[in-house]
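K.L.:
the sequence and its predicted three-dimensional model are supplied below.
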Amino acid sequence: MRDGFVRATLTLLAGGALAQAIPLALGPWLSRLYSPESWGTFATFMAIATNVAVVACGRFEMALPLARDEAQAKGLMALSVRLMLMVAAAAFVLGLFLAQTPLADQALVLPLAVVALASASCLTLWATRAQRFRSLAVGRLVQYGGAAVVQVVLGLAGVGVMGLVAGPIVAAALACVWLCVPPPSGGWASVWQVPWAQCQRLAREYKEFPLFNTPHAFAGALQDTLTVALLMAWSGDAAAGFWGLAIRYLKAPATLIGSAVSQVLYPQLAHATPDQAQRAVRRTMAALAGLAAPLVLGLMWVGPELFAWAFGERWREAGRLAVALAPYIGMHFIASPLAVVTLAGEAQAWALKVAVVGQAVFLSALAVGLWWGGLIAAGWCVSAAMVVYFGLYFRALSQWTRWPERRWTPTEPSRLID
């Protein structure tokens, strides 16, 4: 199992590395094509779009790796898509409201962003269930690398903020096209043909996902929305732009490695014995900590100079912010892929409570820091508070023993990585 875990992770890392290398390489160009104020507006729009998209499917797509067979997986996909379309209609109404705000130019594309991002999430989990790791790697390359390419092209065309907004929407749509192949038996039309009664039965069986994982995911996305709102209210668009750029690049390693690890770890935990699951969690946590330490130390050593050199002198403040956020980023790097532990462990009620506490700690530390000394002080306060929070969280996960009875049977040996 360990060899299969490593091979699958390396496959996803290979695609993810290129997916992250493209926006990182184009970052200096993008930072010169778009101003800090434009990045602030983009961060605000994406925070809202992500907040809606992350709960658009009721989080039933997260149950796909746990489905007992393809018929049940099709039902979960049908349920997810139908909910997504209803939420997209609500997003259109929200867009009409936002048309009266400074986001007027971006408001009407909000439903498109919701559908593109939510669809990419559904199809990613569909491919994760099938353990199609090569397809996942290419999909990530298209979604994340393609977004930066589109943003550069539109920036050169002088499109303005809409160039930043269009990038992730177009790229997510292209990733969906890739992940749709190969289709399930009977084609994608068979998903649309799943009876609503079957969807209702699955909604009851997997009710813990909308009951606990949806508010969990919404609260996580809401944290980003409220963070941007606090920054803009306290320090203006430029500060939100500095924060947005810093977080985007500081979390790139977590996106790269964390996504690869979680996509392999989740199906493994879902079909492991309690002893195997506990060992896998501890081993993963230790490996991630070993990778995080040098990243944090390097960032604290050369942060301001690195940002000024890469993005231009006007972004030096983002480098100073990066130094302050480095301890928090290191802990987030470790925590990011471990979110699937509570999904596989069916402990979503506990995870929701822990997440709400963490988000309250984060936002409180941010507000105190902004009041106390502005943007950089806010970064240091967030790091100090979140190091303590994540330390307690990691201790709980490393000692986790409440693993449920597995839903798989010996008639499905192909579901294990070997």
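P.N.:
Looks like it came in fine. Residues are numbered from 1 along each chain as shown.
K.L.:
now for residue 176, how many residues are close by?
P.N.:
For residue 176, the count of nearby residues is 22 (other C-beta atoms under 10 Å). Using the backbone N, CA and C atoms, a C-beta is placed for each residue, glycine as well.
K.L.:
residues of the helix or strand containing it that come out buried?
P.N.:
According to DSSP states H and E, residue 176 maps onto helix 161-179. For helix 161-179, burial by neighbour count (16 or more other C-beta atoms under 10 Å) applies to 161-176, 178-179.
K.L.:
show me the shaky parts of the stretch 1-150 of the chain.
P.N.:
Residue ranges of the stretch 1-150 of the chain with pLDDT under 70: 1-16.
K.L.:
after the helix or strand encompassing residue 17, next one along is what?
P.N.:
Assigned by DSSP H and E, residue 17 belongs to helix 2-33. Of the helices and strands lying after helix 2-33 in sequence (DSSP H and E), the nearest is helix 36-53.
K.L.:
and the angle for that next one with helix 161-179?
P.N.:
Interaxial angle, helix 36-53 versus helix 161-179 (axes from the mean of the first three to the mean of the last three C-alpha atoms, to 10 degrees): 40 degrees.
K.L.:
touching, residue 352 and residue 212? I think so.
P.N.:
Yes: at 4.9 Å, residue 352 counts as touching residue 212 under the criterion of C-beta atoms under 8 Å.
K.L.:
please say which of those two ends up with more neighbours.
P.N.:
Set residue 352 next to residue 212 and count neighbours by other C-beta under 10 Å: residue 212 wins out with 22 against 19.
K.L.:
give me the distance between the more buried one and residue 73.
P.N.:
As for residue 212, its distance to residue 73 is 21 Å (criterion: C-beta to C-beta, to the nearest Å).
K.L.:
cool, and residue 311?
P.N.:
Here residue 311 is placed at a distance of 43 Å from residue 73 (C-beta to C-beta).
K.L.:
for the nearest residue to residue 213 once chain neighbours are set aside, what are phi and psi?
P.N.:
Closest residue to residue 213 apart from its sequence neighbours, by C-beta to C-beta, 6 or more residues apart in numbering: residue 59 at 4.1 Å. For residue 59, the backbone dihedrals (degrees, to the nearest 10) come out as phi 70, psi 10.
K.L.:
go ahead and confirm residue 59 touches residue 218.
P.N.:
No: contact criterion C-beta under 8 Å: residue 59 and residue 218 do not qualify, at 9.2 Å.
K.L.:
and those two? Which one has more around it.
P.N.:
Legend: neighbour count by other C-beta under 10 Å for residue 59 and residue 218, higher for residue 59 (26 against 16).
K.L.:
give the contact list for the more buried one.
P.N.:
Neighbouring residues of residue 59 by C-beta atoms under 8 Å, 6 or more residues apart in numbering: 209-210, 213-214, 217.
K.L.:
show only the entries of these found in helices.
P.N.:
Counting by DSSP state H, these place 214, 217 in helices.
K.L.:
using a markdown table, please lay out the contacts of residue 59 together with distance to residue 120, pLDDT and neighbour count.
P.N.:
Below are the contacts of residue 59 laid out as a markdown table (distance: C-beta to C-beta, whole Å; pLDDT from 0 to 100; neighbours: other C-beta atoms under 10 Å):
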| residue | distance to residue 120 | pLDDT | neighbour count |
| --- | --- | --- | --- |
| 209 | 18 | 88 | 24 |
| 210 | 20 | 89 | 17 |
| 213 | 18 | 77 | 24 |
| 214 | 18 | 80 | 21 |
| 217 | 15 | 78 | 23 |
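K.L.:
of the contacts of residue 59, closest to residue 328?
P.N.:
For the contacts of residue 59, the minimum distance to residue 328 (C-beta to C-beta) is 20.2 Å, reached by residue 217.
K.L.:
once you drop chain neighbours, what's closest to that closest one?
P.N.:
With sequence-adjacent residues excluded and distances taken as C-beta to C-beta, 6+ apart, residue 217 is closest to residue 54, at 4.6 Å.
K.L.:
what about the one you found, distance to residue 119?
P.N.:
The gap separating residue 54 from residue 119 is 13 Å, by C-beta to C-beta.
K.L.:
the residue nearest to residue 217: how many residues sit nearby?
P.N.:
Neighbours of residue 54 under the rule other C-beta under 10 Å: 22.
K.L.:
where does it fall, phi/psi-wise?
P.N.:
According to degrees, to the nearest 10, residue 54 has phi -70, psi -20.
K.L.:
unless I'm mixing things up, it is touching residue 219, no?
P.N.:
No: assessed by C-beta under 8 Å, residue 54 is found out of contact with residue 219, at 10.0 Å.
K.L.:
for the helix or strand residue 306 falls within, name the packing helices and strands.
P.N.:
Using DSSP H and E, the element containing residue 306 is helix 274-311. Packed against helix 274-311 by the contact rule (3 or more C-beta pairs under 8 Å, 6 or more residues apart in numbering; DSSP states H and E) you find helix 2-33, helix 237-250, helix 259-270, helix 316-335, helix 375-398.
K.L.:
who's in contact with residue 166?
P.N.:
109, 150-151, 154, 159.
K.L.:
6 Å instead?
P.N.:
Going by C-beta atoms under 6 Å, 6 or more residues apart in numbering, residue 166 touches residue 154.
K.L.:
picking up where we left off before, check the gap between the residue nearest to residue 213 and residue 216 for me.
P.N.:
Taking C-beta to C-beta, one finds residue 59 at 8 Å from residue 216.
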